[in-house]
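J.: what's the 3D shape of this:
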Amino acid sequence: MKISLENAVKAASEYLAEEFSKMPPNLGNAGMHIFAEYKLGVQGPKVFSALDDGSGNINIDVLEKLINKYSASLPDQTFKTPLGEIKIKSDTPAQLMEFMKKYGEN
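T.: Next comes the predicted model:
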């Protein structure tokens, strides 16, 4: 399965929207969501292009195997930002892959 860089950004955006919807509505969380969506929209295609297989697509099958292999034993982490804390759970990469699959094609 493959996904275009444009659709990878859409999938990541949908994932972010779902995750931020779980947070209590307040100015800090809204600010983080706006900032994350903005950065994704502006820099997402460039960031995802690092995973480009040379055809303008990302090979989801290969990426998923690597994520499962190397992120299975990672601990949860919290990063402090000027707008608040961002918590990354150990299953975050696998959850993001599920959104990528929604936008992928064979």
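
J.: which residue ranges form the strands in this protein?
T.: Along the chain, the segments classed as strands by DSSP state E run 2-4, 57-59, 77-81, 84-88.

J.: In CSV: these, plus distance to residue 106 and mean neighbour count.
T.: Backbone N, C-alpha and C define where each C-beta goes, glycine included. Formatted as CSV, the strands of the chain follow (distance: least, C-beta to C-beta, whole Å; neighbours: other C-beta atoms under 10 Å):
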stretch, distance to residue 106, mean neighbour count
strand 2-4, 8, 20
strand 57-59, 12, 19
strand 77-81, 34, 10
strand 84-88, 30, 12
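
J.: and of those, who's closest to residue 36?
T.: Of all those, it is strand 84-88 that lies closest to residue 36, at 8.5 Å by C-beta to C-beta.

J.: quick one: that closest one to chain centroid distance?
T.: Relative to its chain's centre, strand 84-88 lies at 14 Å (C-alpha atoms, centre = their mean, to the nearest Å).

J.: Run the angle between that strand and strand 77-81 for me.
T.: 150 degrees (axes from the mean of the first three to the mean of the last three C-alpha atoms, to 10 degrees).

J.: picking that back up, reformat the strands of the chain as TSV; add distance to residue 36 and mean pLDDT.
T.: Listed next are the strands of the chain as TSV, based on distance: least, C-beta to C-beta, whole Å; pLDDT from 0 to 100:
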stretch	distance to residue 36	mean pLDDT
strand 2-4	20	96
strand 57-59	20	96
strand 77-81	10	86
strand 84-88	9	79
